[in-house]
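Novice: sequence plus the predicted model coming up.
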Amino acid sequence: MAREIRTTFGELRQFASWVEPEPRVAAGFGFENGIIPDNAQATVDSNLAVFTPTGRGAIVEDSRADWALFCQERFGIGSALWPSFRRHPLNENFVWRPVGKGKRVLSDAEAEAYDRDGYVVVEDVLSQAFLREVVADLDHFEEARVESAKLASGKNTITQAGKVTFNVQLARHSARLRELISLPLLQHMMYDLIGPNVRLYWDQSVYKSPHSELVFPWHQDTGYTFVDQPGQIVTAWIALTDAAEDSGCMWVLPGAHRVGPLVHEKGESGNWVFESDPSGMIPLPVKAGSIVVFAGLLPHMTGGNSKSWTRKALVVEYAPDGMNRIAIDPWGEQVVSPANNPRTQFEILRDGRPVVSR
Ligand SMILES: O=C(O)CCC(=O)C(=O)O
């Protein structure tokens, strides 16, 4: 990978989220009237900074992940800031569309943080009493899942007996879970992040066993099934127990949601997008009852649980009504199917109004 390349501003302007230097800044770099012509020479270095032959210092300093991907694909620059990204073949021209300002429950600062980093943490959402009820319901399903996992060991599942259990699409069986998934706070937050028409897309519990070293690898939640509106999937990772660095908390790579869907490799513990930990990763330790809300495109992982108790979490993914899954059939044709199963992908909001599910 190159460490530095020469190009023109015309080519740099092909980046969909290019931000033009202020005329005042451009004038300071010797451009007449602050206007930079397309044929003006530019150099880009491995910190992704743009230099001109005339100025001292960088005229543009952009450290966003999608800029890194653009420089990687266009110029072969290996950035010092980001891991190397591998774009999903169906991700032809993804551009992150900002959610803009907060509307119903998110503040403007939280909406801005979601756009920039791809997540927000909302602390202390659930009361201890409600948590206990939800966990009692999930524990009941867990017992059955543990038994079936023993039977299925060695088959096509990422549940691993004694390490981690995934129990999927439970909301259809549990009124308590449907209540949690449709909490007014979550409904209104999804209005802020997705829009007026929202459905549940996926729900699953994830129980990490005591003393389990199992790392659930780096992935995007959109990395299992390609969808036609990947930028609008939002995951609420609901901590049902405390989750810290030594008990399997969430780790994210802030800002990496901007690159769109990436290629995922299949692994024993789950599909993965980065083989080793990226340098910008951060942990998000939370108390039971808190929620990490993140873009379905944000690469994340969870670490092992060294504690003597089970770390419990519920993953709830929301999506815009009208979103489709896209698979490729053996003849290379796209198979498009709507994500609108009324039992497992029920409505959360219709025309901005909460839909009550029973
Ligand atoms: O809760 C966990 O340990 C993993 C959750 C997760 O990232 C997922 O299920 O996609």
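Specialist: Cool, got the structure.
Novice: list the helices and strands the longest helix anywhere in the chain packs on?
Specialist: The residue-count maximum for a helix in the chain (DSSP state H) belongs to helix 128-152. In terms of contacts (3 or more C-beta pairs under 8 Å, 6 or more residues apart in numbering; DSSP states H and E), helix 128-152 is packed against strand 164-168, helix 175-181, strand 198-208, strand 311-320. Any C-beta I mention is one placed from the backbone N, CA and C, and that applies to glycine too.
Novice: nearest to residue 84 among the ones you listed would be which one?
Specialist: strand 311-320 (26.7 Å; C-beta to C-beta).
Novice: average pLDDT for the helix or strand following the closest one, rounded please.
Specialist: Counting by DSSP states H and E, the next helix or strand C-terminal to strand 311-320 is strand 324-328. Across strand 324-328, the average pLDDT comes to 94.
Novice: list of residues touching strand 324-328?
Specialist: By C-beta atoms under 8 Å, 6 or more residues apart in numbering, the list of residues contacting strand 324-328 from outside reads 90, 225-228, 334-339.
Novice: partners of it in the sheet?
Specialist: According to DSSP bridges, strand 324-328 has the following sheet partners: strand 226-227 (antiparallel), strand 334-338 (antiparallel).
Novice: which one of these lies closest to residue 299?
Specialist: Nearest to residue 299, of the strands paired with strand 324-328 and by C-beta to C-beta, is strand 226-227 at 15.9 Å.
Novice: so how far is residue 298 from residue 115?
Specialist: Residue 115 sits 12 Å away from residue 298, going by C-beta to C-beta, to the nearest Å.
Novice: sorry, back to before: so which of the strands paired with strand 324-328 is the most surrounded?
Specialist: strand 226-227 (a mean of 20; mean count of other C-beta atoms under 10 Å).
Novice: re the thing from before, select, out of the strands paired with strand 324-328, the one closest to residue 307.
Specialist: That would be strand 226-227 among the strands paired with strand 324-328, by C-beta to C-beta, at 35.0 Å.
Novice: what is the mean pLDDT for the closest one?
Specialist: When pLDDT is averaged over strand 226-227, the result is 96.
Novice: run the chain-centre distance for that strand.
Specialist: Put simply, strand 226-227 sits 13 Å off its chain's centre (C-alpha atoms, centre = their mean, to the nearest Å).
Novice: quick check: what element follows it along the chain?
Specialist: strand 234-239.
Novice: contacts for that next one?
Specialist: 125-126, 180, 186, 189-190, 193-194, 221, 250, 286-296, 313-319.
Novice: the nearest residue to residue 62 once chain neighbours are set aside: how many residues sit nearby?
Specialist: Nearest-residue entry for residue 62: residue 48, 6.0 Å, with adjacent residues in sequence omitted and distances by C-beta to C-beta, 6 or more residues apart in numbering. Residues contacting residue 48 under the criterion other C-beta atoms under 10 Å number 22.
Novice: same deal with residue 245?
Specialist: Neighbour count for residue 245, taken as other C-beta under 10 Å: 13.
Novice: got a pLDDT number for the closest residue to it other than its chain neighbours?
Specialist: Among residues not flanking residue 245 along the chain, residue 283 sits closest, at 5.0 Å (C-beta to C-beta, 6+ apart). Per-residue pLDDT puts residue 283 at 98.
Novice: residue 283 contacts residue 254, correct?
Specialist: No - the pair residue 283 / residue 254 is not scored as a contact, 11.5 Å apart, by C-beta atoms under 8 Å.
Novice: which one's more surrounded, the two?
Specialist: For residue 283 versus residue 254, neighbours defined as other C-beta under 10 Å are more numerous around residue 254 (18 against 14).
Novice: dump the residue contacts of that one.
Specialist: Counting by C-beta under 8 Å, 6+ apart, residue 254 has contacts 116-119, 280, 282, 298.
Novice: secondary structure element for it, which one?
Specialist: Per DSSP H and E: residue 254 is located in neither a helix nor a strand.
Novice: how much space separates it from the ligand?
Specialist: Per C-beta to the nearest ligand atom, to the nearest Å, residue 254 is found 16 Å from the ligand.
Novice: try residue 256
Specialist: As judged by C-beta to the nearest ligand atom, residue 256 and the ligand stand 14 Å apart.
Novice: with residue 197 instead?
Specialist: 24 Å.
Novice: may I have the secondary structure class of residue 92?
Specialist: Under DSSP: H, G, I helix; E, B strand; the rest coil, the three-state class of residue 92 is coil.
Novice: residues near it, how many?
Specialist: So residue 92, with other C-beta under 10 Å, has 8 neighbours.
Novice: kindly report the same for residue 228.
Specialist: Using other C-beta under 10 Å, residue 228 is surrounded by 16 other residues.
Novice: that one contacts residue 320, doesn't it?
Specialist: No - between residue 228 and residue 320 there is no contact, the gap being 9.9 Å when judged by C-beta under 8 Å.
Novice: residues from the stretch 251-358 of the chain in reach of the ligand?
Specialist: Taking C-beta under 6 Å from any ligand atom as the contact definition, the stretch 251-358 of the chain meets the ligand at 300, 302, 313, 315.
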